[in-house]
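Participant: Next input, structure requested:
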Amino acid sequence: MGLSIVGGCTPPYKPDYDSGFGQLIYVNKCNQQLVYLVDLAGFHTYQSGLTYSDTLTLHGTKYTHVIRLDSSQATFLSKRSALDKVSIDFRPLARQALPSCAVVPRASIQTVQVLSIGNTDYQ
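Facilitator: Presented below is the predicted three-dimensional model:
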């Protein structure tokens, strides 16, 4: 009697979140709301299929892959400042209009829930 081994193929793991890296381009209060904006230099859309291609001009510089980090996670984000290069894992939330203030233009930006954030360096 021979030994028979039956094995199945397991599909590769597909995370239930998206990830990316980029630079914090704005961290400040705007009309009593904390606003954290990141311009993504690269990203992977494992689940959402979103292109994260909101465009925003800030201080004369045009950014083309802007996301807004959910400010309800302020303690999670409090050690971050503008121009930090970060890597993040996140899930998309509803699009939100940016609060009206002198520095930030009025726009509707994809908001994301941050699952993890770390420092990174990229060229």
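Participant: Neighbours of Thr57, how many?
Facilitator: 11 (other CB atoms under 10 Å). C-beta coordinates here come from the backbone N, C-alpha and C atoms, glycine included.
Participant: How about it: what's its closest non-neighbour residue?
Facilitator: The shortest distance from Thr57 to any non-neighbouring residue, by CB to CB, 6 or more residues apart in numbering, is to Pro105 (6.5 Å).
Participant: and that neighbour, how many neighbours?
Facilitator: By other CB under 10 Å, the residues close to Pro105 number 11.
Participant: what are the ranges of the strands in the protein?
Facilitator: Remark: strands assigned in the chain by DSSP state E are 18-30, 33-44, 54-58, 61-69, 85-97, 108-119.
Participant: Please list the residues outside the second one that contact it.
Facilitator: Strand 33-44 is contacted by residues 18-29, 52, 56, 58, 63-69, 71, 74, 77, 80, 86, 88, 98-99, 104, 109, 122 when judged by CB atoms under 8 Å, 6 or more residues apart in numbering.
Participant: now do 6 Å
Facilitator: If you take CB atoms under 6 Å, 6 or more residues apart in numbering as the criterion, strand 33-44 is touched by 19-27, 52, 63, 65-69, 71, 74, 77, 99.
Participant: can you list contacts of the helix or strand bottoming out on mean pLDDT in the chain?
Facilitator: The helix or strand of the chain with the poorest confidence is helix 74-77; it has a mean of 72 (mean pLDDT, DSSP states H and E). By CB under 6 Å, 6+ apart, the residues outside helix 74-77 that reach it are 34, 36.
Participant: Just give me how far it sits from the chain centre.
Facilitator: With CA atoms, centre = their mean, to the nearest Å as the basis, helix 74-77 stands 14 Å off its chain's centre.
Participant: mind saving the C-alpha coords of it as CSV?
Facilitator: The C-alpha coordinates for helix 74-77 follow below in CSV (Å, rounded to 0.1, in the frame of the first residue of the first chain):
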residue,chain,number,x,y,z
ALA,A,74,-4.0,62.4,17.1
THR,A,75,-2.1,60.6,19.9
PHE,A,76,-0.9,58.1,17.4
LEU,A,77,0.3,60.9,15.1
